[in-house]
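*Asks:* Sequence and predicted structure, then a few things I'm wondering about:
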Amino acid sequence: MSLRTFKAIIAIVIGGFLIAGIYISVLVVQRQGALQQISVYNPAWEAGQAASEFIRLEHRLSEFGKPGTDVDKDEVDLRFDILLGRARMLNEGSFQDLLQRNPDHQATLRAFQDTLAAAQPLIAELDTNPAAARQALDLLRPLEGKLAQLASVAHNHGATLVQKDQEELIRLHWAFSGIAASLILVGVVLIFLLDKHNRLLGRAHEELHVLAHQDALTGLPNRVVLRNELENALVRLKANGRMVSVSYLDLDHFKDVNDSFGHETGDELLKAVAERLRACIPASEGSVRNLISRFGGDEFAILQTGIRRPEECAALASRIVEALREPFSVNGQELFIGTSIGIALAQKNMTPSQILKHADMALYHAKSDGRGTFRFFEPDMDEQLQARRALEVDLRKAMTSGEFELFYQPQINIQKNEIGGFEALLRWHHPERGLVPPAEFIPVIEDTGLISPLGDWIIEKACKEAATWPGEMHVAVNLSPIQFRNRGLVQSVSNALASSGLSPHRLELEITESVLLQDNEMTVSTLHQLRRLGVRIAMDDFGTGYSSLSYLRSFPFDKIKIDQSFVREMSQRADCLAIVQSVANLGASLGMPTVAEGIETEDQLRQVQAAGCTDAQGYYFGRPKPARELVHTLDALKHKVRVA
């Protein structure tokens, strides 16, 4: 039973009590009225009293004047006055109801009153007229039988009314008793319900207490518990060599899991992570006490007390990183995530907020170092964090201020000795710092989510400028893994082609293996949609991942770009040269052009030519330039490619 339903039942019971109480009050009023009617309405008594007084008066008149009697005129006057009073009572009040039922009774009462009026002068003459007593007695005697009959009728009528009133009283009694019994029963039920209500409230209070201190999904203590324990630990912190630390954990690539498999899978993954943390983090290790908590989302925190050396924190962090690096099996899916950890050691006179802030800063640097690692807080991290936040603010302003520009680097078709196209590269003209290195702001753009609107702008701008280039020169645009999470990527590319008028086959989209890592099925589906638009897809930085060959099998790329790290060391390392040759041969076998990146010398150019690469790109042919400074022939580049 829900609490709302229970409250409704309680309200109905209380309402029933009120209605029953009102009805009982009405019954009580009716009962009192019936009792009052019985006490006030008594015609039998009135008629009987009148008949009795009439007989007494007759007796006094018959005894008046006889020798040896003590009846005098005063006694007779008293009895006559009493009889007059009884006669008046019969003319008033409820006795009239009886008289109106029978005309004979009305005639008897009128005769009785007339007789009393006629006898009154005679009663007054008793002392002076000896015959007055006899005359008065003769007037009254004919009414004796009629008054007795009237008294008998009144008695019977009164008995009938009393019986009816008694029946009504009995009915009211049973109704009153029934309602009273019902109220008692309802009261018992109400007591039972109130007892149950109190138990429900107690249980709800316990559940609320649990919810206030425990994460509902994982069952781990929540942020409130950790903060309270941290405050207590700081109070106990003394200069005894023992330390307190807080480690922030943030799951790597958890958002990719949520986006690819849904929040239900994400929740199950969080439960599995919590179980694995419980398994690898004991509650106590000697004098060290560990408290695991979930802060929300994909963030966890660990409070360690009783630590002697920072190395103990590092050992635990390393153990956690290794444990979460192992795959998770969730809903039939094998998921790889990993974690980054930031560690802050409590110092004397520090507040919980300061420690948590330091752990958060250390976590940010751990993620910046490539994820899957841990970092301790260092004082200069605060300055770096402030610089990062200032950079984020400047980037958002740059989006609306037109501070971004596309530069283009030529890609040379070394088989045809011509410029095949250009790769679009983003540049930022900061109003104070000038050109900001891409390596500094591109990761920030991706972390803040600005890459989605900025990526749409890059595609649109590149298509618009490429449409003005001569011949069939293509433009290559790099796509971030984050852009593939945007369901509108295909539509954005389609809109850019339509608005610029650029032929789809002149647009080349470059992706890295990290794009395919996040959700192979969905990504391949998106790539096929882009292919249906007519655009070309190139695999960038080929060879740097661990599954490049499997990706070539899952999707027919149009071009392979060999990472510059292999090209740069071809002269010094035979294995690098062998890799370049192998990739070039692989591309030729699959019918895919191969582009060697990072060409900076003529010797490197000749080596990639000899290895079988079809295209080349690098500073040897020119540095990236804005569209207005581009040239479209090799002669104009000052370096003409000579095929050996």
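*Replies:* Perfect, thanks for sending it. Residues are numbered from 1 along each chain as shown.
*Asks:* Could you use CA atoms for every contact and neighbour count after this?
*Replies:* Fine.
*Asks:* Report the secondary structure state of the residue nearest to Q113 when sequence neighbours are not counted.
*Replies:* Nearest non-adjacent residue to Q113, counting by C-alpha to C-alpha, 6 or more residues apart in numbering: A87, 6.8 Å away. Recorded secondary structure, A87: helix (DSSP: H, G, I helix; E, B strand; the rest coil).
*Asks:* helix or strand for R427, which one?
*Replies:* Using DSSP states H and E, R427 maps to strand 418-430.
*Asks:* what do you get for T69?
*Replies:* Using DSSP H and E, no helix or strand contains T69.
*Asks:* measure the closest residue to it other than its chain neighbours to K73 for me?
*Replies:* The shortest distance from T69 to any residue other than its chain neighbours is 6.7 Å, reached at E63 (C-alpha to C-alpha, 6+ apart). Using C-alpha to C-alpha, to the nearest Å, E63 is found at 11 Å from K73.
*Asks:* just checking, what's the longest helix in the protein?
*Replies:* Counting residues, the longest helix found in the chain (DSSP state H) is helix 143-213.
*Asks:* For the following helix or strand past that helix, name the packing helices and strands.
*Replies:* Going down the chain from helix 143-213, the next helix or strand is helix 223-236, by DSSP H and E. Contacts defined by 3 or more C-alpha pairs under 8 Å, 6 or more residues apart in numbering; DSSP states H and E place helix 223-236 against helix 143-213, strand 288-296, strand 299-307, helix 352-368.
*Asks:* isn't there a helix covering Y248?
*Replies:* No. The assignment for Y248 (three-state DSSP) gives strand, which keeps it out of a helix.
*Asks:* Domain map for this structure?
*Replies:* Domain assignment for the chain, taken from automatic domain parsing, gives 3-183, 223-378, 389-637.
*Asks:* Which one, of the ones you listed, ends up nearest to I191?
*Replies:* Closest to I191 of those is domain 3-183 (C-alpha to C-alpha; 10.2 Å).
*Asks:* quick one: average pLDDT of stretch 630-644?
*Replies:* For stretch 630-644, mean pLDDT rounds to 66.
*Asks:* mind listing what the spatially closest residue to E569 that is not a sequence neighbour touches?
*Replies:* Leaving aside its sequence neighbours, E569 sits nearest to C576 (C-alpha to C-alpha, 6+ apart; 6.3 Å). By C-alpha atoms under 8 Å, 6 or more residues apart in numbering, C576 lies in contact with 566-567, 569-570.
*Asks:* neighbours around R628, how many?
*Replies:* 8 (other C-alpha atoms under 10 Å).
*Asks:* Are any of the contacts of C576 buried, and if so which?
*Replies:* Neighbour counting with 16 or more other C-alpha atoms under 10 Å marks 566-567, 570 as buried within the contacts of C576.
*Asks:* any idea which of these is least confident?
*Replies:* Lowest pLDDT among the buried ones among the contacts of C576: M570, with 85.
*Asks:* Shouldn't that one be within a helix?
*Replies:* No. Secondary structure of M570 (three-state DSSP): coil, not part of a helix.
*Asks:* heads up, I number from 51, so please use that
*Replies:* Shifting the count to begin at 51 puts that one at M620.
*Asks:* Give me the distance between it and D590.
*Replies:* Counting by C-alpha to C-alpha - M620 and D590 are separated by 19 Å.
*Asks:* repeat for H109
*Replies:* Taken as C-alpha to C-alpha, the span from H109 to D590 is 144 Å.
*Asks:* So the two - more neighbours on which side?
*Replies:* Legend: neighbour count by other C-alpha under 10 Å for H109 and D590, higher for D590 (21 against 15).
*Asks:* That one belongs to a strand?
*Replies:* Yes. Applying three-state DSSP, one finds D590 inside a strand.
*Asks:* show me the contacts for it.
*Replies:* D590 makes contact with 560-563, 610-613 under the criterion C-alpha under 8 Å, 6+ apart.
*Asks:* The same query, at a cut-off of 10 Å, please.
*Replies:* When contacts are counted by C-alpha atoms under 10 Å, 6 or more residues apart in numbering, D590 touches 528-529, 559-563, 609-613, 645, 647.
*Asks:* Please identify the helix or strand for the residue nearest to E619.
*Replies:* With DSSP H and E as criterion, C626 is part of helix 624-640.
*Asks:* can you check S390 too?
*Replies:* Using DSSP H and E, S390 falls in strand 389-395.
*Asks:* Which neighbours in the sheet does that strand have, and how are they oriented?
*Replies:* strand 293-301 (antiparallel), strand 424-426 (parallel) (DSSP bridges).
*Asks:* From R556, how far off is the residue lying farthest from the centre of the chain?
*Replies:* Within the chain, the residue lying farthest from the chain centre (C-alpha atoms, centre = their mean) is P117, at 113.7 Å. Separation of P117 from R556 (C-alpha to C-alpha): 161 Å.
*Asks:* L172 too?
*Replies:* To R556, L172 is 149 Å away according to C-alpha to C-alpha.
*Asks:* The stretch 451-600 of the chain: strands as residue ranges?
*Replies:* 454-463, 468-480, 484-486, 524-528, 557-561, 586-592 (DSSP state E, counting those that start in this stretch).
*Asks:* how about these, which one is nearest A364?
*Replies:* strand 586-592 (33.7 Å).
*Asks:* Work out the gap between that closest one and the centre of the chain.
*Replies:* 45 Å (C-alpha atoms, centre = their mean, to the nearest Å).
*Asks:* Any idea how many residues pack against the closest residue in space to D613 that isn't next to it in sequence?
*Replies:* Nearest residue to D613 in three dimensions, chain neighbours excluded: D591, at 4.2 Å (C-alpha to C-alpha, 6+ apart). Per other C-alpha under 10 Å, the neighbour tally for D591 reads 22.
*Asks:* Let me know whether D591 touches V617 as I believe.
*Replies:* No. Look at D591 against V617 with C-alpha atoms under 10 Å: they stay out of range, at 11.3 Å.
*Asks:* what touches both of those two?
*Replies:* 646-647.
*Asks:* do you know how far the spatially most central residue of the chain is from P674?
*Replies:* By C-alpha atoms, centre = their mean, the chain has its centre lying nearest to A266, at 12.7 Å. A266 sits 53 Å away from P674, going by C-alpha to C-alpha.
*Asks:* What is the end-to-end distance of stretch 415-423?
*Replies:* 10 Å.
*Asks:* starting at the chain centroid, how far to it?
*Replies:* Worked out by C-alpha atoms, centre = their mean, stretch 415-423 lies 33 Å from the chain centre.
*Asks:* which residues touch it?
*Replies:* Under C-alpha under 10 Å, 6+ apart, the answer for stretch 415-423 is 299-303, 367-368, 370-372, 374-375, 387-393, 410, 412-414, 424-427, 431, 434-435, 493-494.
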